[in-house]
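A.B. asks: Fold the following.
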Amino acid sequence: MDGRLSIEEIIFTFPSIHELIASEQGLLAEGIPVRVMPLPDQLGRYCGMCLRLKPEDYERAAAVLGEDIHDRYALSLEAGKKVYSPWRP
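C.D. replies: The predicted model follows:
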């Protein structure tokens, strides 16, 4: 191991459920697999839900959604614990 965390998922947050659903539909229409999940408490409130996707799908998803993504976080595992950090590709 080189000390870096392995990114498991990228999390997109949105200020409203309406924006989240529209984004999910747009990504799925483009063939980008995404999951709707409850937003982890430590990431804020936003709309209470988030979109999760694999890191390898990030570039395509970001191109589809553009500025519609409120915030981005990386989910990594460190010693078996989930670590969330702001994602700045």
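A.B. asks: average pLDDT for the helix or strand that contains I10?
C.D. replies: For I10, the host element (DSSP states H and E) is strand 7-13. The average pLDDT for strand 7-13 rounds to 94.
A.B. asks: Mind listing residues that contact that strand?
C.D. replies: By C-beta atoms under 8 Å, 6 or more residues apart in numbering, the residues outside strand 7-13 that reach it are 23, 39-40, 43-44, 46-47, 50-55, 57-58, 61, 65, 69-77, 84, 87. C-beta here means a position set from N, CA and C on the backbone, and glycine is covered the same way.
A.B. asks: Paired strands for it, with orientation please.
C.D. replies: strand 49-53 (antiparallel), strand 71-78 (antiparallel) (DSSP bridges).
A.B. asks: Just give me the residue right at the centre of the protein.
C.D. replies: Geometric centre of the chain, nearest residue: I11, 1.5 Å, by C-alpha atoms, centre = their mean.
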